[in-house]
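In: Next comes the sequence, and after it the predicted model I'd like to discuss.
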Amino acid sequence: MKKIIPILSILMLFTFLPSKEETIVIPKDSIRFRVIANSDEIRDQEIKLSVKKGIQEELYESVKNAKNIEEARKITQGKLGDYGRRIEQILEKEQASPEFQIHYGQNYFPKKEYHGVSYEEGFYESMVVTLGDGLGKNWWCVLFPPLCSLEAEEKEQGEEVEYKFFIKDLIDKYF
């Protein structure tokens, strides 16, 4: 009987802990930023990352002091032309095709699994940059509040950004 109680306790604990795949709901008062590559070819993916890096820094500087989503929305929409010119500069530097589109509004995002976290598919307020035919893998983050920029800064400083549930990690480690 003494052995059954700890076993039942452990089973109950596993029942109430979240599974390895968690679903994260991004707040409604947020704006996403997405860059879709022309294709999955290595060169197109490199270009996508160059555009992402160049625009992400500019976006962060634009919205970092925004007090709310309305202010971030106005700033972002008001600077679409500036972002377009910046993308043209990046593509020229990369000697890549100058074809791209920027769309701000409700854009579709497919379901994404990343580090055991599931991000739900759906239409989200966002700024989407589509390079060329837009048939390649994409990159996205939350522009406002500026979560992707904070992660990028931490990664540049050599820190790995990873969010964990402490008790669950202990159980995974020992059982």
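Out: Perfect, thanks for sending it.

In: any chance you could map the strands in the chain?
Out: Taking DSSP state E, the strands of the chain run over residues 22-24, 31-36, 100-109, 112-114, 117-119, 122-131, 138-144.

In: Point out the most buried one among the ones you listed.
Out: strand 31-36 (a mean of 23; mean count of other CB atoms under 10 Å). Backbone N, C-alpha and C define where each C-beta goes, glycine included.

In: who touches S62 in this structure?
Out: By CB atoms under 8 Å, 6 or more residues apart in numbering, the contact set of S62 is I75, T76, K79.

In: got a winner among those for most neighbours?
Out: T76 (22 neighbours; other CB atoms under 10 Å).

In: Do you know the pLDDT at that one?
Out: T76 carries a pLDDT value of 94.

In: Filter the contacts of S62 down to the ones in helices?
Out: Mapping those onto helices (DSSP state H) picks out I75, T76.

In: ok, of the contacts of S62, which one's closest to E121?
Out: Lowest distance from E121 to these (CB to CB) belongs to T76, with 22.5 Å.

In: pretty sure that closest one contacts L59?
Out: Yes - using CB atoms under 8 Å, T76 makes contact with L59 at a distance of 7.2 Å.

In: overlap in contacts of the two?
Out: Common neighbours of T76 and L59, using CB under 8 Å, 6+ apart, are M127, L143.

In: the bottom helix or strand of this structure by mean pLDDT?
Out: Least confident element among the helices and strands of the chain, by mean pLDDT, DSSP states H and E: helix 166-174 (a mean of 44).

In: So what does the closest residue in space to S39 that isn't next to it in sequence have for phi and psi?
Out: Counting by CB to CB, 6 or more residues apart in numbering, G136 is the residue found nearest to S39 once chain neighbours are left out, at 4.5 Å. Per-residue torsions, G136: phi -100, psi 180 (degrees, to the nearest 10).
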